[in-house]
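Undergrad: when you get a sec, could you give me coordinates for this:
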Amino acid sequence: MTSQMTISLDLPKPLNLIDDKLFLGNIQSATSCDILTEHKIKRVLSVIELPIETKYPFIEYFHVIAEDVEEQDLLTHFEETRQVIADGHRKGHNVLVHCMAGISRSSTVVTAFLMNKYGKSYSDTIDMVRTKRSQIYPNEGFRKQLKLYEEMRFTLNANYKKFRRYLMSQLMTIENIEKYIKRRDYVESLVKVQRGQQYGCAKCQFKLFDEINVVDNEVPNKQLAKKSFADTNQWCGNLFVEPQKWMLPLKNDRVNCPKCRQTIGSYNNSFVSYDCKCLKHNGLFGIQIKVSKDLFKLVV
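TA: As a prediction, the model looks like this:
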């Protein structure tokens, strides 16, 4: 007598209802007329590299260009995607957020939306989403972005230094400085930026940058207060800054004042850690734009 064993495979569904009128799914769910009709989807948000080709006249389509890699920035899109989903809900529409597999990119966007909506932590929210769609798994880069979003209380806070450092590390290469500045300008448009002290060219006093643009290791002020301005063990006297529009294009290793053309500093795009005895600058990584001491001054 031969016994037979039946194996039941619980295959993932193309989409799952995660929250009121909010679905999370894969590419099949976004391109199947039957699935979209069955679930009364009226708005589709794609988080993939290329826009989907199969579209229907009864659907509103939105697209965030994104790869499923740790270096991909989704964080600066969280406010845009939140608005897409929230606007659909205000209209009474069911909204589908999808990527290719419905595992990483789309789950990141849905988790961010729900963190903002309910004011709950990343860990609590991702656990809730996973109860509705068990296979979700944002990649490590996206998980870090969601945790930073939580640190900023579910907003994009351009005044938060750690967020500004994220923008530089995640978005900026020598080929993409303009893209970095564009995304930085966007997140700055969302809040009242506390720009702080202005710095200008020592020769012509042209305004170069603000305190908010200064990049350092955030040595506690009370440590610096114990030392003199010129103590190189605490501060070398130079400043490292975020790229400014007037610096573009960066064609060589020099940075010149746009008004008087005085060389005020240099930049290094070798992506090696900066070696400096100064605690504020030692270990800075990425594209480094250094404004030399004695070539800048505070603007009164």
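
Undergrad: so residue 299 sits right up against residue 199, yeah?
TA: Yes. With contacts defined as Cβ atoms under 8 Å, residue 299 counts as touching residue 199 at a distance of 6.5 Å. Yep, even glycine has a C-beta here, placed from its N, CA and C like the rest.

Undergrad: so what sits against both of the two?
TA: With Cβ atoms under 8 Å, 6 or more residues apart in numbering applied, the overlap between the contact sets of residue 299 and residue 199 consists of residue 207.

Undergrad: the two: which is more packed in?
TA: Between residue 299 and residue 199, residue 199 has the larger neighbour count (other Cβ atoms under 10 Å), namely 21 against 14.

Undergrad: that one reaches residue 295, doesn't it?
TA: No. At 10.3 Å, residue 199 does not count as touching residue 295 under the criterion of Cβ under 8 Å.

Undergrad: quick one: residues contacting residue 63.
TA: If you count contacts by Cβ under 8 Å, 6+ apart, residue 63 has them with 45-46, 48, 51.

Undergrad: 6 Å instead, please
TA: Applying Cβ atoms under 6 Å, 6 or more residues apart in numbering, we find residue 63 in contact with 46, 51.

Undergrad: in the stretch 51-200 of the chain, which spans are helices?
TA: Read by DSSP state H, counting those that start in this stretch, the stretch 51-200 of the chain holds these helices, from start to end of the chain: 78-90, 105-118, 122-132, 140-151, 161-171, 177-188.

Undergrad: closest one to residue 69 among these?
TA: helix 140-151 (7.1 Å; Cβ to Cβ).

Undergrad: which other helices and strands contact that closest one?
TA: With contacts defined as 3 or more Cβ pairs under 6 Å, 6 or more residues apart in numbering; DSSP states H and E, helix 140-151 has these neighbours: helix 105-118, helix 122-132.

Undergrad: which of these sits most buried?
TA: Greatest average neighbour count among the helices and strands packed on helix 140-151 goes to helix 105-118 (a mean of 25), per mean count of other Cβ atoms under 10 Å.

Undergrad: okay, angle between it and helix 78-90 too, please.
TA: What separates the directions of helix 105-118 and helix 78-90 is an angle of 70 degrees, with axes from the mean of the first three to the mean of the last three Cα atoms, to 10 degrees.

Undergrad: I would like the residues contacting helix 105-118, please.
TA: When contacts are taken as Cβ under 6 Å, 6+ apart, the neighbours of helix 105-118 outside the stretch itself are 18, 24, 47, 66, 68, 74, 78, 81-82, 85, 97-99, 125-126, 129, 136, 138, 142, 146, 149, 154.

Undergrad: picking up where we left off before, let me have the helices of the stretch 51-200 of the chain in TSV, extended by mean pLDDT.
TA: Output for the helices of the stretch 51-200 of the chain, formatted as TSV (pLDDT from 0 to 100):
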stretch	mean pLDDT
helix 78-90	98
helix 105-118	98
helix 122-132	98
helix 140-151	98
helix 161-171	92
helix 177-188	94
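
Undergrad: now those as JSON lines including distance to residue 208?
TA: Output for the helices of the stretch 51-200 of the chain, formatted as JSON lines (distance: least, Cβ to Cβ, whole Å):
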{"stretch": "helix 78-90", "distance to residue 208": "29"}
{"stretch": "helix 105-118", "distance to residue 208": "35"}
{"stretch": "helix 122-132", "distance to residue 208": "37"}
{"stretch": "helix 140-151", "distance to residue 208": "28"}
{"stretch": "helix 161-171", "distance to residue 208": "17"}
{"stretch": "helix 177-188", "distance to residue 208": "15"}
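
Undergrad: which parts of the chain are strands?
TA: 15-19, 22-25, 41-48, 60-65, 94-98, 198-201, 207-210, 214-215, 239-241, 254-256, 263-268, 288-291, 296-298 (DSSP state E).
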